[in-house]
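K.L.:
Build me a model:
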Amino acid sequence: MPDEIDIREDYISMLDKELLDILLKDHTTSKPDEQHNIFWATADYAHLGAGYQYNDEILSSGITGSHGDIIRPRVLKSHDAQTARSKDMAEVFTPSWICNAQNNLIDEAWFGRKDVFNHENDDHTWTVNPDKIIFPSDKTWRDYVRDCRLEITCGEAPYITSRYDTTTGKPIPIEKRIGLLDRKLRVVSENTNTTGEWLKAAHTAYKSTYAYEWQGDSLLLAREAMLFAFIDSFKAKFGSMPQLKSLKYIAYIVSWNVWQMDGLKGVVPDSCRDGIEVKEKDLFGEKTITIKCEGCNGGDIRKHNGKYCYIRKWTDSNSEKDRIRFIDLIKQH
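P.N.:
All right, here's what the predicted structure looks like:
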């Protein structure tokens, strides 16, 4: 297993080369016969040359082997790098005790009572409830597992899975994890006995857990953390590694449910064409026009000329019709 904090891409590639490629896929820009990956969306790696520029896709070959230590969790970056990202992208990661407190509020509203999974202490620690979770008379554990959760601008996804505290770097034992997905997986493990039952319920847990992020490196770290939360929970329940086909399917779900997006516009970051000059020809010759994005200039999220992001409606089919624009999902609710 990799270091508790830094999941090395080499380790994922060693498990299976295709597994890392699945985690890198961007479903909005990919075509049926052509994969496109999430892109860096940060200039932090531009000094490394070709393949690491702001608009370059993140390729598995660029983050494994001799390049295997390029992407690192924020807490392991230098102080200068952390400061620069906070200044340029308002990147500030939330301590786990705050994530826990806020996730507890969600569960308090859902269960109708406090301290369901843990009790918050005055010193910013928490005491885990060791007993099996009891559900309200009008709700079941399956209702909880399938209830949708979304972390916005997720960074490394500390609200979803807390394998480590993103501000201190301290690993968090599986029994003390407080993420939205961690809680779902705990409930799954408490209410299933066979691997088949567990996997089916875990799939539901992952399909109902969503997040989006701008920067490609943070997005990959979030996807990796969710994949390894699956591995950790399966091993804690059954004492062995899940099969490769199970890992690939979880990675596939995560690649859809945790996506790259400008949260203010609902589009792929920097995909709007606003203020760009292009040349056009008409009967009177060639002229230069400036493209205007109605969404950028008018503030209407539904009128951007960028690439609107797609997520997956999880039905039994594998049709492209299962894709839906994220902003259209918002409109329906």
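
K.L.:
Just want the most central residue of this structure.
P.N.:
With the centre of the chain defined as its mean C-alpha position, the nearest residue by Cα atoms, centre = their mean is residue 258, 3.5 Å away.

K.L.:
could you say what helices and strands the helix or strand harbouring residue 227 packs with?
P.N.:
Residue 227 belongs to helix 216-238 when elements are defined using DSSP states H and E. Applying 3 or more Cβ pairs under 8 Å, 6 or more residues apart in numbering; DSSP states H and E, one finds that helix 216-238 contacts helix 9-15, helix 17-24, helix 180-191, helix 195-207, strand 209-213, helix 244-257, strand 258-260. Bear in mind the C-beta positions are built from the backbone N, C-alpha and C, glycine included.

K.L.:
Same list, the ones you listed, but as TSV with mean pLDDT please.
P.N.:
Supplementary listing: these in TSV, determined by pLDDT from 0 to 100:
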stretch	mean pLDDT
helix 9-15	91
helix 17-24	96
helix 180-191	98
helix 195-207	98
strand 209-213	97
helix 244-257	98
strand 258-260	98
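
K.L.:
out of those, nearest to residue 97?
P.N.:
Each of these was checked against residue 97 via Cβ to Cβ, and the shortest separation belongs to helix 180-191, namely 14.5 Å.

K.L.:
Off-centre distance for that closest one?
P.N.:
With Cα atoms, centre = their mean, to the nearest Å as the basis, helix 180-191 stands 18 Å off its chain's centre.

K.L.:
Same list (the helices and strands packed on helix 216-238) but as JSON lines, adding distance to residue 297.
P.N.:
Shown next, in JSON lines, are the helices and strands packed on helix 216-238 (distance: least, Cβ to Cβ, whole Å):
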{"stretch": "helix 9-15", "distance to residue 297": "40"}
{"stretch": "helix 17-24", "distance to residue 297": "33"}
{"stretch": "helix 180-191", "distance to residue 297": "36"}
{"stretch": "helix 195-207", "distance to residue 297": "37"}
{"stretch": "strand 209-213", "distance to residue 297": "24"}
{"stretch": "helix 244-257", "distance to residue 297": "31"}
{"stretch": "strand 258-260", "distance to residue 297": "24"}
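
K.L.:
Of these, which is nearest residue 269?
P.N.:
Shortest distance between residue 269 and these, using Cβ to Cβ, is found for strand 258-260: 6.5 Å.

K.L.:
in its sheet, what does the very next helix or strand once past the closest one sit against?
P.N.:
Counting by DSSP H and E, the element after strand 258-260 in chain order, helix or strand, is strand 277-282. Partner strands for strand 277-282, per DSSP bridges, with pairing direction: strand 285-290 (antiparallel).

K.L.:
hmm, who's touching the strand it pairs with?
P.N.:
275, 276, 277, 278, 279, 280, 281 (Cβ atoms under 8 Å, 6 or more residues apart in numbering).

K.L.:
per-residue confidence at the first one?
P.N.:
It refers to residue 275. Residue 275 is assigned a pLDDT of 79 by the prediction.

K.L.:
circling back to that earlier point, show me which of the contacts of strand 285-290 is closest to residue 18.
P.N.:
Distances from the contacts of strand 285-290 to residue 18 were compared by Cβ to Cβ; the smallest belongs to residue 276, at 36.8 Å.

K.L.:
quick one: that closest one and residue 292, what's the gap?
P.N.:
Residue 276 sits 9 Å away from residue 292, taking Cβ to Cβ, to the nearest Å as the criterion.

K.L.:
before we move on, what about residue 113?
P.N.:
Counting by Cβ to Cβ, the gap from residue 113 to residue 292 is 53 Å.
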